[in-house]
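Colleague: only geometry, no sequence info:
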């Protein structure tokens, strides 16, 4: 007979650990399954300067260690492992781990996050965290006063290009096609911003730099002509994110991209007792502090759900 928990949390980023802290304080005795990367995307981040409470900034892995230690101190049972299968059809929700063990829980909080899409070139991976980033709002401040490059053509790319234009003397924006796919108003704002230079029909051939980003070589995909842009310090990709939600397809309602859908103002999914928090359900903000906030909401929703059941 598998164990039956009051609260199971899947994922160990800011949302998962925050949910664990609140669930533990509520006496739900939560078990948290970390996933293969304890701490989530922040484990790949260097300096974090925009999370409240760290007046001098902190390294991403150090911050997640603080989150983990606090959740553990509150009484969370943290288990390293990967969820490979779920069944949310019964009264108790069933989860199977990669070691074939089964867990049943009255409530499940999904905090599996999302992964940024990358171009897939070797220099991008080599210089990740050393000028290469997928979040201008997170890392743009470190490039204040320097020229930067951003790749993308959607609303997010336009928003991040505009954000960077307030920090950087020139923003070089690389667009693969002859037009952007962003909304008309966002395109107009970008094209009217004097210090954003748009390169249409262009792709990244190579990110330049040994220890850190210092340039980029782009290629016109119509003429084949190559151009090098030097004296840049940052290279940002804004070509989308993929939520880590494949495990829940066919069970939990999601949008066409895969973001889990929740009742507005709550963390409730379409399945009673199953909640979602963090980047797996947030395609707009994607910040550590907003993920932590939704983790708190999910724990409170789970506590109220159990209270309504009389537990």
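Modeller: Looks like it arrived, so ask away. Keep in mind that what you see is a predicted model, and the values were worked out from it rather than measured.
Colleague: ranges for the helices of the stretch 51-200 of the chain?
Modeller: Using DSSP state H, counting those that start in this stretch, the helices found in the stretch 51-200 of the chain span residues 60-73, 122-126, 136-139, 155-165, 184-192.
Colleague: Report the buried residues of the longest one.
Modeller: So that's helix 60-73. 60-61, 63-64, 67-68, 71-72 (16 or more other CB atoms under 10 Å). (C-beta placed from N, C-alpha, C; glycine too.)
Colleague: Identify the residue with the minimum pLDDT among these.
Modeller: In terms of pLDDT, the lowest of the buried residues of helix 60-73 is residue 60, showing 85.
Colleague: ok, now how distant is that residue from residue 140?
Modeller: Residue 60 sits 16 Å away from residue 140, going by CB to CB, to the nearest Å.
Colleague: pLDDT score for residue 44?
Modeller: Here the pLDDT value assigned to residue 44 is 65.
Colleague: picking up where we left off before, closest to residue 4 out of the buried residues of helix 60-73?
Modeller: residue 71 (21.2 Å; CB to CB).
Colleague: which ones are touching that closest one?
Modeller: Applying CB atoms under 8 Å, 6 or more residues apart in numbering, we find residue 71 in contact with 17, 20-21, 24, 32, 78.
Colleague: Skipping its backbone neighbours, what lies nearest it in space?
Modeller: Spatial nearest neighbour of residue 71, excluding adjacent residues (CB to CB, 6 or more residues apart in numbering): residue 20 at 4.0 Å.
Colleague: one step back: let me know the closest of the buried residues of helix 60-73 to residue 289.
Modeller: The closest of the buried residues of helix 60-73, once distances to residue 289 are taken by CB to CB, is residue 63, at 11.0 Å.
Colleague: mind listing what the closest one touches?
Modeller: Per CB under 8 Å, 6+ apart, neighbours of residue 63: 42, 48, 51, 54, 288.
Colleague: Surely the second one touches residue 56?
Modeller: No: Residue 48 lies out of contact with residue 56 (CB atoms under 8 Å); the separation is 10.8 Å.
Colleague: Those two: which has the busier surroundings?
Modeller: Neighbour totals were compared for residue 48 and residue 56, and residue 48 leads with 20 against 6 (other CB atoms under 10 Å).
Colleague: and that one, what pLDDT?
Modeller: Here the pLDDT value assigned to residue 48 is 83.
Colleague: for it, what are its contacts?
Modeller: 42, 54, 57-60, 63, 138, 288.
Colleague: Highest neighbour count among those?
Modeller: residue 288 leads the contacts of residue 48 on contacts (other CB under 10 Å) with 25 neighbours.
Colleague: Not counting its neighbours along the chain, what's nearest that residue?
Modeller: residue 14 (4.6 Å).
Colleague: My read is that residue 139 contacts residue 234, right?
Modeller: Yes: counting by CB under 8 Å, residue 234 is a contact partner of residue 139 at 7.1 Å.
Colleague: shared neighbours, those two?
Modeller: residue 133.
Colleague: quick one: low-confidence ranges for the protein?
Modeller: Scanning the chain for pLDDT under 70 picks out the ranges 1-2, 44-46.
Colleague: thought residue 176 was touching residue 198?
Modeller: No: if you go by CB under 8 Å, residue 176 and residue 198 don't touch, sitting 11.7 Å apart.
Colleague: gap between the strand or helix carrying residue 227 and the chain center?
Modeller: Here residue 227 sits within strand 226-230, counting by DSSP states H and E. In terms of CA atoms, centre = their mean, to the nearest Å, the centre of strand 226-230 is set 30 Å apart from its chain centre.
Colleague: Next secondary structure after that strand?
Modeller: Next helix or strand after strand 226-230 toward the C-terminus (DSSP H and E): strand 232-237.
Colleague: before we move on, the earlier item: so can I have a markdown table of the contacts of residue 71 showing secondary structure?
Modeller: Compiled in a markdown table, these are given as follows (DSSP: H, G, I helix; E, B strand; the rest coil):
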| residue | secondary structure |
| --- | --- |
| 17 | helix |
| 20 | helix |
| 21 | helix |
| 24 | helix |
| 32 | strand |
| 78 | strand |
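Colleague: List just the nearest of the contacts of residue 48 to residue 123.
Modeller: Nearest to residue 123 among those, counting by CB to CB, is residue 138 at 20.5 Å.
Colleague: That closest one against residue 285, yeah?
Modeller: No: using CB under 8 Å, residue 138 is not in contact with residue 285; the gap is 11.2 Å.
Colleague: Is the nearest residue to residue 85 once chain neighbours are set aside bridged to anything, and to what?
Modeller: Once flanking residues are discounted, residue 85 sits nearest to residue 96: 4.3 Å by CB to CB, 6+ apart. Beta-bridge partners for residue 96, by DSSP bridges, are residue 85, residue 102.
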